[in-house]
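> coords please:
(2 chains)
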Amino acid sequence: MGKNCVYVNAYESLSCAGNTSELMDAVYAQRSGIRIDTSYMPETPVGLGSFAPNEFFASLNTVTQSVLEQSNLENFHNTLLIVGSSVGGIAQSEQIFFEEGAYKNIDPAKHAISVISDTLNSTFGFKDSRSISTACTSSANAMMMAQRLLELGAYENVLVLGADALCYTTVCGFHALGVLSSEPCTPFQQDRRGMNVAEGIAALLLQSSLERESIELCGSGGSSDAFHITNPDPEARGAIACMQNALDDARIDADKIGYVNAHGTGTQANDAVESLAAQTLLTHKPYMSSTEAITGHTLGAAGALEAVISCEVLKRQKIPPQSALEIAENSEVNLPREAVEAEIEYVISNSFAFGGNNTALVFGVVK
Amino acid sequence: MKMNFKVTAVAKVYAESKCENLDEKRLVPKMMLRRRLTRSAKMMIYLSDQCHFSDGPVVYGSAYGEMQATADIVGAIASTQPISPTAFQNSVYNTAPSYFSLLYGNKNEILTISSGSDTSANVLQSAALQAVTMNTEVLLVCTEALNIPNINEVNSCTDYLEAGVALSITPTDVLPNITVIKNEHKGFSPSLWAMLDVVNACETKADPVIALEL
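Numbers count the residues shown, from 1 in each chain, chains lettered A, B, ... in the order given. Model (predicted):
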């Protein structure tokens, strides 16, 4: 069976660094959107990324409307919606529980992951929808599913939306694991102190039709570490496998990759393993950086948000610097200190999650 | 777009409060790992064993995820107690299939679907896509583990607080020999209904083949 090409034809995002245009300005200027916060844990300051407290659900519609306006569609009635989220509506239900000490006024439908697709369906009337929740790979897996459906011709239009709001469960939960930084995170830095949890929304319209400003989603790959429920395999076998699977799916050699948009959370474990994976697989040392120093780690939204950044990098032909880097832990990876203008054909974007769930996406300029 | 799939195994398990005899000691001999498993993980491992499946892509589904771990976390925060790292590790929706992959060393792709009442319908669609894309056998598991203290404050439709359903499928050119009819499965979470339709239809049929929408 012949496969259709898959194009990213419109997108928008919202993070602590602003909308996509503001985000890219911040990325290249190395201006972090992270702020030090004590509202979740009064005695423990942590760096968090927030864009508009209490406006998360309204922002879902705003971001999606922006994509519709950029697109060649009049509406989304012939579009499949695939949501990627790790926490869904838990922020609302935990607030009710904290105030009342009981579950009785929690609406299960508003607690679940599917509250996001329900919200968007009620506004836009998508043809169909489904939701993926694989923790921090959720929206990267949504991208992979969209690619496969479009390649087979099952749909012509798929909107992928990654979205996660800040909530006590994730902020306090990551604190319990000892991986939160009290400052803006410093991915790949030798003495890095951890990650910043952040909220984010990113939506991308994927289509089988080519438009003037299309970026191609050339390939995707997944794998499981089968190593530990949260820690990545220190030998990076799962990370390497998903990146290799994505390259194989894109039918390109590793040395065609011009930029790696790293998952790069700033935790000791993630960054060491991801560096090792890049060092092992991408021996031509392409530029690599993590934009989570600017946006924080947006959990289930990260894959979609970093897909947006990857598309912008290809359009602008400009590599984002590794913000906040002083001394790199691994000198075998090519972390640019300043933005670099370069000819880039392909970008690989990594996402890794609890459970050893790994996903990589390869984007390319249209030839 | 519809494609045809051979259903190679089916299984289900359910109880009003707690599923007993999930054979954990045989299936998970390492005590440290066994003690960390969530109820959904135990159901998933039991169901996958019933389907004789330990290596290959998995599509898992749950509308509400890991309720006990989530309740433990918010309860700890509300009472200003420390959060258990294990509770947080076990709180993500892909916890059950992740323990399955750990147990068997399964390094294949895992997807977790959470689409409310449409969860198992979307698991069927997503697994069909995975099976066609990789041209291989795929395990589908859907569970709900709702048996937490005070769940009656919010549960009005589910009698079986623990329930799980599983099947394995592989692509085929053989024409379907079963028509799956949508039913209401009273007492079960609606998130399980679509897969219960398939499992019930296949249980009594030799070499069942079904058509699934991608």
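> drop to CA atoms for contacts and neighbour counts, all remaining ones
Noted.
> name the nearest residue to residue 6, sequence neighbours excluded.
You didn't pick a chain, so chain A it is. Nearest residue to residue A:6, sequence neighbours excluded (Cα to Cα, 6 or more residues apart in numbering or on different chains): residue A:208, at 5.0 Å.
> wrong one, I was asking about chain B
Residue B:6 sits nearest to residue B:209 (Cα to Cα, 6+ apart), 4.4 Å away.
> for the one you found, grab phi and psi.
Phi and psi for residue B:209, reported as degrees, to the nearest 10, are phi -130, psi 130.
> what about it, how many residues nearby?
Using other Cα atoms under 10 Å in any protein chain shown, residue B:209 has 24 neighbouring residues.
> quick check, it in contact with residue B:177.
Yes: with contact defined as Cα atoms under 8 Å, residue B:209 reaches residue B:177; the gap is 5.5 Å.
> any weak-confidence spans in the chain?
Using chain A. Filtered on pLDDT under 70, chain A yields the residue ranges A:1.
> following the strand or helix carrying residue A:36, which helix or strand comes up?
Element membership of residue A:36, judged by DSSP states H and E, is strand A:35-37. Going down the chain from strand A:35-37, the next helix or strand is strand A:46-49, by DSSP H and E.
> dump that following strand to PDB, restricted to CA.
Coordinates of each C-alpha in strand A:46-49 appear next as PDB, following Å, rounded to 0.1, in the frame of the first residue of the first chain:
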ATOM      1  CA  VAL A  46      10.400  26.000  42.800                       C
ATOM      2  CA  GLY A  47      10.700  27.300  39.200                       C
ATOM      3  CA  LEU A  48       7.300  26.900  37.400                       C
ATOM      4  CA  GLY A  49       6.000  27.900  34.000                       C
END
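> what helices or strands is it leaning on?
Packed against strand A:46-49 by the contact rule (3 or more Cα pairs under 8 Å, 6 or more residues apart in numbering or on different chains; DSSP states H and E) you find strand A:35-37, strand A:197-198.
> which residues of the chain fall in helices?
Because you didn't say which chain, this covers chain A. A:20-29, A:56-70, A:90-100, A:108-111, A:115-124, A:138-152, A:168-176, A:237-250, A:268-281, A:292-295, A:302-316 (DSSP state H).
> ah, I was thinking of chain B
Ranges of helices in chain B, per DSSP H, are B:24-27, B:31-36, B:39-50, B:67-78, B:85-89, B:95-104, B:119-134, B:193-203.
> chain A is nearest to which of those?
Set against chain A and scored by Cα to the nearest Cα, these come closest in helix B:95-104, at 4.3 Å.
> who's in contact with residue 82?
Since you didn't name a chain, this refers to chain A. By Cα atoms under 8 Å, 6 or more residues apart in numbering or on different chains, the residues touching residue A:82 are A:117, A:129, A:130, A:131, A:132, A:142, A:146, A:158, A:159, A:160, A:161.
> please refer instead to chain B.
Residue B:82 neighbours (Cα under 8 Å, 6+ apart): A:176, B:76.
> check what pLDDT it gets.
Note for residue B:82: predicted pLDDT of 94.
> now it: phi and psi?
phi -70, psi 150.
> adding distance to residue B:85, write the helices of chain A out as JSON lines.
Below are the helices of chain A laid out as JSON lines (distance: least, Cα to Cα, whole Å):
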{"stretch": "helix A:20-29", "distance to residue B:85": "33"}
{"stretch": "helix A:56-70", "distance to residue B:85": "27"}
{"stretch": "helix A:90-100", "distance to residue B:85": "18"}
{"stretch": "helix A:108-111", "distance to residue B:85": "22"}
{"stretch": "helix A:115-124", "distance to residue B:85": "27"}
{"stretch": "helix A:138-152", "distance to residue B:85": "21"}
{"stretch": "helix A:168-176", "distance to residue B:85": "6"}
{"stretch": "helix A:237-250", "distance to residue B:85": "23"}
{"stretch": "helix A:268-281", "distance to residue B:85": "16"}
{"stretch": "helix A:292-295", "distance to residue B:85": "23"}
{"stretch": "helix A:302-316", "distance to residue B:85": "22"}
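> roughly how far does the closest residue to residue B:117 other than its chain neighbours sit from chain A?
In space, and not counting its chain neighbours, residue B:117 is closest to residue B:191: 4.1 Å by Cα to Cα, 6+ apart. From residue B:191 across to chain A, the span is 11 Å (Cα to the nearest Cα, to the nearest Å).
> separation between the closest residue to residue A:23 other than its chain neighbours and chain B?
In this structure, residue A:23 finds its nearest non-sequential neighbour in residue A:17, 5.0 Å apart by Cα to Cα, 6+ apart. Shown here: residue A:17 relative to chain B, a distance of 26 Å by Cα to the nearest Cα.
> ditto for residue A:75
Noted for residue A:75: a distance of 22 Å to chain B, by Cα to the nearest Cα.
> let me know whether that residue touches residue A:121 as I believe.
No: contact between residue A:75 and residue A:121 fails when scored by Cα under 8 Å: they sit 11.7 Å apart.
> between the two, which is the more surrounded one?
Between residue A:75 and residue A:121, counting by other Cα under 10 Å, residue A:121 is the more crowded of the two (18 against 14).
> which residues touch that one?
Residue A:121 neighbours (Cα under 8 Å, 6+ apart): none.
> go with 10 Å
With contact set as Cα atoms under 10 Å, 6 or more residues apart in numbering or on different chains, residue A:121 has these partners: A:61, A:76, A:77, A:81, A:115, A:127, A:128, A:129.
> next, count neighbours for the last one.
What that stands for is residue A:129. Neighbour count of residue A:129, defined by other Cα under 10 Å: 22.
> still on that earlier bit, number of residues surrounding the residue nearest to residue A:23?
Residues near residue A:17, counting by other Cα under 10 Å: 25.
> who's in contact with it?
So residue A:17 contacts A:23-27, A:31-34, A:49-51, A:200, A:294-296 (Cα under 10 Å, 6+ apart).
> nearest spatial neighbour of the residue nearest the centre of chain B, skipping sequence neighbours?
Nearest to the geometric centre of chain B sits residue B:142, at 2.3 Å (Cα atoms, centre = their mean). The shortest distance from residue B:142 to any residue other than its chain neighbours is 4.5 Å, reached at residue B:61 (Cα to Cα, 6+ apart).
> same deal with residue A:135?
residue A:86 is the one closest to residue A:135 (Cα to Cα, 6+ apart), at 4.6 Å.
> wait, residue B:71 sits on residue B:65?
No: Residue B:71 is beyond contact range of residue B:65, at 11.1 Å (criterion: Cα atoms under 10 Å).
> so for residue B:49, which of the helices of chain A sits nearest?
helix A:237-250 (24.4 Å; Cα to Cα).
> now do the closest one against helix A:268-281, angle only.
50 degrees (axes from the mean of the first three to the mean of the last three Cα atoms, to 10 degrees).
> who are the packing partners of helix A:237-250?
strand A:215-224, helix A:268-281, strand A:346-353, strand A:357-365 (3 or more Cα pairs under 10 Å, 6 or more residues apart in numbering or on different chains; DSSP states H and E).
> which residues touch residue 134?
I'll assume chain A. Here residue A:134 is in contact with A:84-86, A:140-142, A:299-300, A:352-358, B:60, B:92-95, B:97-98, B:110-114 (Cα under 10 Å, 6+ apart).
> um, chain B though
Neighbouring residues of residue B:134 by Cα under 10 Å, 6+ apart: B:57, B:170, B:171.
> can you report how many residues neighbour the last one?
As a burial measure, residue B:171 scores 24 neighbours (other Cα under 10 Å).
> what's the neighbour count on the nearest residue to residue A:64 once chain neighbours are set aside?
Closest residue to residue A:64 apart from its sequence neighbours, by Cα to Cα, 6+ apart: residue A:203 at 6.4 Å. When counting by other Cα under 10 Å, one arrives at 31 neighbours for residue A:203.
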